[in-house]
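K.L.:
can you look at this prediction? I've put the sequence above it.
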Amino acid sequence: MGQEKIVIIGGGVSAMTAALYLTEQRDWQQHRTITVYQQGWRLGGKGASGRNAARGQRIEEHGLHVWFGAYVNSFKTIETVYTQLQRPVDSPLSTWQQALKPHSFIALEEYINDQWQTWPIDFPLLPGNPAEGNLDITPWDFIKMTLAWLKKWILDLQLAAKKANKNINLSTKKSRDQSLLRHLHQQIADLVDDTEETWQHFADDIKQYSSEIASTPSLLISKLNQFAHADNTLKPQVQEKKDGLVIWYIVRKLKRWLNSEMIELLDNNAQLRRLYICADLAIAMLVGLVKDKVYRDGFGVINKFDFRQWLIRNGANEQYSANSAPIRGFYDLVFAYADGDISKPNVEAGVASLAMLRIALCYRGGVMWKMQAGMGDVIFAPLYELLKKRGVKFEYFHQLQNLEPSLNEQGERFVEIIKLQQQVTLKSGAEYQPLVDVKKLPCWPSEPLYAQINSEQAALLKQHNINLESFWSNWPAQYENHFGQPLPIKELRYKDDFDRIILGVSVASLEHVCPSLLALDTNFAAQAKQVKTVATQAAQLWLSKTDEQLGWQYRPPSKEGPILSSFSEPFDTWAAMMNLIDKEQWPIDCSPKNIAYFCSVFPCDYYPPQSEHQFVFQAKSQVKANLKGMLENNIQAIWPLAYQNNQFDWSVLHGSQLSGDERLNAQYWRVNVDPSERYVLSVAGSSQYRLATDETQFTNLFITGDWIKTGVNAGCVEAAVMAGMQTARAMVGYPQHISGEDAFAALKH
């Protein structure tokens, strides 16, 4: 039996993860060949970055990319890459620990009394390697972990209430509620060696069947935590219903106490307001996890609800909590606004609650991890180098045009033909070498390396400023007009050129590259239609002043600059990225002092046909106008010293020889409207349409990306990595385990 021929279309996270695990066997080349076909000149997909040689080899990204410390599968994968690559110890970023650094400081912006207030949060650094973490955590475990945080917040709130002479004495009179407290007492009585007076009164009231049972908020939450960790508690097969009712009753009682005693204190006390929001959201989450039986049926059971509406449905305070900075910040994080319209927030409750719980409760090291160069440099260059070293073939400048289906002798559908447009011809048929060295670090350039391309074609590309990655590029027309013939089409045929295909394009591309497949497979078509995407916008500023010199006032013990969200549009997220300056190659006497990244959704509800070449230029022009407007009108709230007489000081932007407008023009901004670039959403009810990698009707087709069915079901690196792992496993049986992949499934008894 000969080698199996595998073709991978696309070079994003999922596709490259699949390639990595397909080549983990030492003798993999005896069993298969792998060829990657990539549009344009670089790998990365939505995570691609480039180095601009004309401007200090600066890093230019698709947007802000950070990893969370709960990305177990992602860290496991990148650890494998760096370990196997074995870069020299004296080379830049020779280990993954040098390439990614833990980050603890997050800031949220609250709009209170017509002004922005900063909510700084400095997460603790936790021991451990994220690659050795675990996402196979049951909803019951999350209930226990959430109760532990609620205990801390309730204790702090009770102390504040006591100082404000508020009532902290609670009583339970209804017989039904008393029976629940008796069940609590029965479960933990043997575990408690507590001489505290309030516990003794509580226990006496229980034993004596008093007409009312006295307690305090701190007592109830402390004992509820002990109850949650008792051996026989929270076991669905034992006293599932009553255990759940105990949790439900107590957290709702705490909620009533918060509303009766604390609400009037919140408007004039930011610290109390934030404690209340945290406690209120935790209570709503706990109520929902119990009431909707998420503990038994998995997080998928609540995906029919939008997250914010689910929280309100479970009692979250609409004024303070449901629209609070943490919730807005999460929606901003996953760009969860249909058509880029911030008045239309929408994300599945199961997806969102699982993500928030994992981020906050499952991380190791830092809650976030910052890349110490561009994502292309840190992730995709090492991936490419390792895969190339292992023998994977790469064919750049090949744009997928169509997949054509057929039937085999058994009447099964399969992909018979892959049509690829060959965008350029390389000089003398040489293999394209895609990387450049920047301070001895292998990086992707921000434009093709024209010296390797046919000279006449290269000149034409530069003359017309052609972007070979753009869906709306007029390169085919320019090429045909100049050379008198269309760009060549390469046809790959089943058995002759490939046996199986990994389709690693994004979901918004499906209608353009495989309409014939969608016409035959109704489930595949439903996935393409119902798993939505949204356009995003991003900007990077190189600055002549540090964050402190701009007036940013918050300096945590870690000394980190912030990653900030829930700010005003058009850019709701800012990340201080001063750590990247030394990875760029500026003249010593003309180096910026600071870098700022911004991103947000881009409002767009219509994407014109491919023939409307001006669309992307108009959209990018709007992003520039948005950036200018932000600097002139919005950024003063967090950079007050960037203004003189309430006017933005353009000298803040790097470029001593340039005027104000010229300095703005020298910055970087982009719009991600291409089908392959738009962010994958998780709108309410959409997860049910997601297919696993091998669930289309086409026997030799494997789909992969953050848009397929995983244990995340959201647009992020972890979902993409899990998808790639799933693809490799479906094809060759490895890796056997993917951490956290069953989160949306019902609990197995």
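P.N.:
Yep, that arrived.

K.L.:
what mean pLDDT does stretch 110-129 get?
P.N.:
On average, the pLDDT along stretch 110-129 is 95.

K.L.:
that one: which residues count as buried?
P.N.:
For stretch 110-129, burial by neighbour count (16 or more other Cβ atoms under 10 Å) applies to Glu110, Thr118, Trp119, Ile121, Asp122, Phe123, Leu125, Leu126. Where C-beta positions appear, they are placed from N, C-alpha and C, glycine not excepted.

K.L.:
likewise for stretch 439-452?
P.N.:
Within stretch 439-452, the residues that count as buried by 16+ other Cβ under 10 Å are Leu441, Pro442, Cys443, Trp444, Pro445, Ser446, Glu447, Pro448, Leu449, Tyr450, Gln452.

K.L.:
ok so, going back, switch the buried residues of stretch 110-129 over to CSV; also include secondary structure and distance to Leu658.
P.N.:
Shown next, in CSV, are the buried residues of stretch 110-129 (DSSP: H, G, I helix; E, B strand; the rest coil; distance: Cβ to Cβ, whole Å):
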residue, secondary structure, distance to Leu658
Glu110, strand, 36
Thr118, strand, 31
Trp119, strand, 36
Ile121, strand, 37
Asp122, strand, 37
Phe123, coil, 39
Leu125, coil, 40
Leu126, strand, 44
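
K.L.:
just for this structure, where's the confidence low?
P.N.:
Within the chain, the segments meeting pLDDT under 70 span 1, 191-195, 231-240, 748-749.

K.L.:
which residues of the stretch 201-350 of the chain fall in helices?
P.N.:
Assigned by DSSP state H, counting those that start in this stretch, the helices in the stretch 201-350 of the chain fall at 217-229, 240-261, 263-266, 270-291, 294-297, 307-313, 325-333, 349-361.

K.L.:
how about Arg500, nearest residue that isn't a chain neighbour?
P.N.:
Nearest residue to Arg500 in three dimensions, chain neighbours excluded: Asn700, at 4.6 Å (Cβ to Cβ, 6 or more residues apart in numbering).

K.L.:
burial measure for the one you found, as a count.
P.N.:
19 (other Cβ atoms under 10 Å).

K.L.:
surely it meets Val415?
P.N.:
Yes. In terms of Cβ atoms under 8 Å, Asn700 counts as a neighbour of Val415; the distance is 5.7 Å.

K.L.:
shared neighbours, the two?
P.N.:
The contact sets of Asn700 and Val415 overlap at Tyr494, Ile501 (Cβ atoms under 8 Å, 6 or more residues apart in numbering).

K.L.:
quick one: residues contacting the nearest residue to Gly391 once chain neighbours are set aside.
P.N.:
Of all residues beyond its chain neighbours, the one nearest Gly391 is Gln29 (5.3 Å), with distances taken as Cβ to Cβ, 6+ apart. Shown in contact with Gln29 (Cβ under 8 Å, 6+ apart): Gln3, Arg390, Gly391.

K.L.:
try it again with 10 Å
P.N.:
With contacts defined as Cβ atoms under 10 Å, 6 or more residues apart in numbering, Gln29 is in contact with Gln3, Thr23, Arg390, Gly391, Val392.

K.L.:
what of Ile8?
P.N.:
Per Cβ under 10 Å, 6+ apart, neighbours of Ile8: 14-16, 18-19, 22, 34-38, 387, 392-394, 498, 500-504, 702, 704, 727.

K.L.:
what's the PyMOL syntax to select whichever of these are buried?
P.N.:
Filtering the contacts of Ile8 down to the buried ones (16+ other Cβ under 10 Å) takes a single PyMOL command:
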select buried, resi 14+15+16+18+19+22+34+35+36+37+38+387+392+394+498+500+501+502+503+504+702+704+727
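
K.L.:
quick check: buried residues in stretch 536-550?
P.N.:
Thr536, Gln537, Ala538, Ala539, Gln540, Leu541, Trp542, Leu543, Ser544, Lys545, Asp547, Leu550.

K.L.:
just those residues: which are in strands?
P.N.:
Thr536, Gln537, Ala538, Ala539, Gln540, Leu541, Trp542, Leu543 (DSSP state E).

K.L.:
ok, so of those, who is nearest Leu631?
P.N.:
Closest approach to Leu631 among these (Cβ to Cβ): Leu541, at 8.3 Å.

K.L.:
skipping its backbone neighbours, what lies nearest the closest one in space?
P.N.:
Ala596 (4.6 Å).

K.L.:
partner residues bridging the one you found?
P.N.:
Counting by DSSP bridges, Ala596 is bridged to Leu541, Ala576.

K.L.:
list the contacts of it.
P.N.:
Applying Cβ under 10 Å, 6+ apart to Ala596 gives the contacts 539-543, 547, 550, 561, 571, 574-578, 635, 639, 667.

K.L.:
and what of Arg51?
P.N.:
By Cβ under 10 Å, 6+ apart, the contact set of Arg51 is 57-60, 373-374, 376-377, 435-438, 441, 443-447, 583-585.

K.L.:
what subset of those residues is buried?
P.N.:
By 16+ other Cβ under 10 Å, the contacts of Arg51 give 57-60, 373-374, 376-377, 435-436, 438, 441, 443-447, 583-584 as buried.

K.L.:
give me the subset of those residues that lies in strands.
P.N.:
Judged by DSSP E, the buried ones among the contacts of Arg51 include Arg58, Ile59, Glu60, Val436, Val438, Leu441, Cys443 as members of strands.

K.L.:
could I get these as a markdown table with distance to Lys529?
P.N.:
Below are those laid out as a markdown table (distance: Cβ to Cβ, whole Å):
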| residue | distance to Lys529 |
| --- | --- |
| Arg58 | 39 |
| Ile59 | 36 |
| Glu60 | 33 |
| Val436 | 40 |
| Val438 | 42 |
| Leu441 | 42 |
| Cys443 | 38 |
